[in-house]
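Visitor: Below is the sequence, then the predicted model.
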Amino acid sequence: MLARIRYLPESTKHKAPGNALAALAEQQCRRYFADPKAVFDLPLKPQGTPFQQRVWQAIAQLQSGEQITYGAIAARLHSGARAVGGACGVNHFPLVIPCHRVIAKTNLGGFMGQDAPGLYRDIKVWLLNREARA
């Protein structure tokens, strides 16, 4: 089971998958990048609180191109938007559990614990734009 997926800077040198599970993850990521409507089917080992896991389950139901606010998820879970944002920030499976599709009520919101411009926010913008065009 996968314990974590990480985004790396574009300058990172490619390394061949070291086992069958890593190869499957790479194959499914490549399929997604070729077609943002592709669905992931990877065995995940989510580590988090019961609340975090409920947030991740709600996010996992979102389809490519679909967006939802932190507040809307919070309302479904009888919680607060900040708590949902915190769960998104510690999601160990970005892309597979598509927390990039969760946005703030008035702006883009953060991504992977980053609220300011930078690598992760740039990735969120790129993913959302790509899915919107698909």
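Guide: Everything's here; your move.
Visitor: Verify the contact between residue 40 and residue 96 for me.
Guide: Yes. Contact criterion C-beta atoms under 8 Å: residue 40 and residue 96 qualify, at 4.5 Å. Where you see a C-beta, it was placed from the backbone N, CA and C, and this is true even at glycine.
Visitor: Look at these two and report which has more neighbours.
Guide: Counted by other C-beta atoms under 10 Å, residue 40 and residue 96 do not tie: residue 96 has more neighbours, with 21 against 17.
Visitor: From what I see, the more buried one and residue 45 are in contact.
Guide: No. Checked against C-beta under 8 Å, the pair residue 96 and residue 45 is beyond contact range at 11.8 Å.
Visitor: Strands of this protein, start to end?
Guide: Under the criterion DSSP state E, the chain contains strands at 68-69, 102-103.
Visitor: Which among these is found nearest to residue 16?
Guide: Taking C-beta to C-beta, strand 102-103 is the member of the strands of the chain nearest to residue 16, at 32.5 Å.
Visitor: what pairs with that closest one, and is each one parallel or antiparallel?
Guide: strand 68-69 (parallel) (DSSP bridges).
Visitor: How about residues contacting the strand it pairs with?
Guide: The contact list for strand 68-69, computed with C-beta atoms under 8 Å, 6 or more residues apart in numbering, reads 62, 81, 101, 102, 103, 104, 105.
Visitor: So which elements touch the lowest-mean-pLDDT helix or strand in the chain?
Guide: Counting by mean pLDDT, DSSP states H and E, the chain has its least confident helix or strand at helix 119-133, which shows a mean of 93. Helix 119-133 sits against no helix or strand, with contacts defined as 3 or more C-beta pairs under 8 Å, 6 or more residues apart in numbering; DSSP states H and E.
Visitor: No further queries at this time; thank you.
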